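Q: no sequence on this one, just coordinates:
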């Protein structure tokens, strides 16, 4: 009886998107035992359903691969303070980000004795991080030169170490280039991937409006916390001075999130007798802005204009009430981030 040859192991970065699923399938087709790594950062909502969280776990089950989730938190924020390779159109440090992700995958590769790392990146698909020089830079920064296989485009890229060692054959690798998805959709049918997800990122830093708010935060707070990042994701943001900003909830869910996020030194504001937002003042000079913040809070509530209304103000264990009047848009909109 012939003993079955043990499959060689590889680690795949799995985002939940179609390209990374195809990369896994291509490696499985070539006889590799694939383990997946999903990377979470403070700027990816793992419950957003855009290739994150539950959806990634579901994709891993469909692909029949083990999944390890790695969280890049404080170290990611530290990198974002001064990304070595700059930022994109939003506040996205794509090259530094990808290097960190591959570094995390490399640790898992070493832990399980895998041969190399697999990625669903497509040459020329993303302007900042998926052109030739950027791909090479990412390999160097993560100390993985020649050890990253990008199966969808590998036949267009320099030969990798696994190819040189005969572990994979170039004729079995793809030649996909650019942003069109026609080839990927054809491959999805071949591999039986049903309902392939739409193209698009799950990174908030690539979104222009969020990028503006992130730039404001990092220019005013030396080292933002995860809590600061969570607050960035909700509400209308107003920069009141160099030390303090106001965030106003846009709906009931955001109001509840603001209350949950609030720290002891923050100030929470609500119209006492009218339906409206929960607002939060955060910063060293927050107390100096309670009157103004009360007026803005009333402006977004059902309170009538041109009359005094009661605003409840909570700070720590203390709650007080003040009277304020709804403000005109022209008097506060200049502070909007």
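A: Yep, it's here. Just so it is clear, the model here is predicted, and its values are computed rather than measured. Numbers count the residues shown, from 1 in each chain.
Q: so where's the stretch 151-300 of the chain shaky on pLDDT?
A: 199-201 (pLDDT under 70).
Q: What segments of it are strands?
A: 236-239, 244-248, 267-271, 278-283 (DSSP state E, counting those that start in this stretch).
Q: now for those strands, which one comes closest to residue 322?
A: strand 267-271 (9.3 Å; CB to CB). Where you see a C-beta, it was placed from the backbone N, CA and C, and this is true even at glycine.
Q: Tell me what angle the closest one forms with strand 244-248.
A: 40 degrees (axes from the mean of the first three to the mean of the last three CA atoms, to 10 degrees).
Q: what's the angle between strand 267-271 and strand 278-283?
A: Using the same axes, to 10 degrees: strand 267-271 against strand 278-283 is 150 degrees.
Q: Can you name the residues that contact residue 171?
A: If you count contacts by CB atoms under 8 Å, 6 or more residues apart in numbering, residue 171 has them with residue 155.
Q: Okay, it and residue 30: tell me how far apart.
A: 11 Å (CB to CB, to the nearest Å).
Q: do the same with residue 113
A: In terms of CB to CB, residue 113 sits 18 Å off from residue 30.
Q: Mind checking which of those two has more residues around it?
A: residue 30 (16 against 8; other CB atoms under 10 Å).
Q: What are the boundaries of the helices in the stretch 51-200 of the chain?
A: 53-63, 74-81, 94-112, 132-141, 161-164, 182-190 (DSSP state H, counting those that start in this stretch).
Q: which one of the strands of the stretch 151-300 of the chain lies closest to residue 73?
A: Nearest of these (CB to CB): strand 278-283, 19.8 Å.
Q: returning to that earlier point: among the helices of the stretch 51-200 of the chain, which comes closest to residue 35?
A: Short answer: helix 94-112, nearest of the helices of the stretch 51-200 of the chain by CB to CB, at 6.1 Å.
Q: Give me the residues contacting that closest one.
A: So helix 94-112 is contacted by 9-11, 13, 35, 37, 39, 41, 68, 70, 72, 75-76, 79, 83-86, 88, 114-117, 119, 126, 128-129, 134, 137-139, 141-144, 147-148, 203 (CB under 8 Å, 6+ apart).
Q: Please, a ChimeraX command that selects the buried ones among those?
A: Listed next is the ChimeraX selection for buried residues among the contacts of helix 94-112, using 16 or more other CB atoms under 10 Å:
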select :10,11,13,35,37,39,41,68,70,72,76,79,83,85,88,114,115,116,117,119,126,128,129,134,137,138,139,141,142,144,147,148,203
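Q: so of the contacts of helix 94-112, which ones are in strands?
A: 9-11, 13, 35, 37, 39, 68, 70, 117, 148 (DSSP state E).
Q: okay, how far is it across stretch 281-293, tip to tip?
A: In stretch 281-293, first residue to last residue: 8 Å (CA to CA, to the nearest Å).
Q: can you check stretch 191-210 too?
A: Stretch 191-210: ends 36 Å apart by CA to CA.
Q: Pull out the buried residues from it.
A: Quick answer for stretch 191-210 (16+ other CB under 10 Å): 193, 196-197, 201-207, 210.
Q: Mind jotting down where the helices sit in the stretch 201-337 of the chain?
A: 208-220, 226-232, 252-261, 290-299.
Q: need the ones you listed in a markdown table with distance to residue 280, can you?
A: Shown next, in a markdown table, are those (distance: least, CB to CB, whole Å):
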| stretch | distance to residue 280 |
| --- | --- |
| helix 208-220 | 14 |
| helix 226-232 | 7 |
| helix 252-261 | 5 |
| helix 290-299 | 9 |
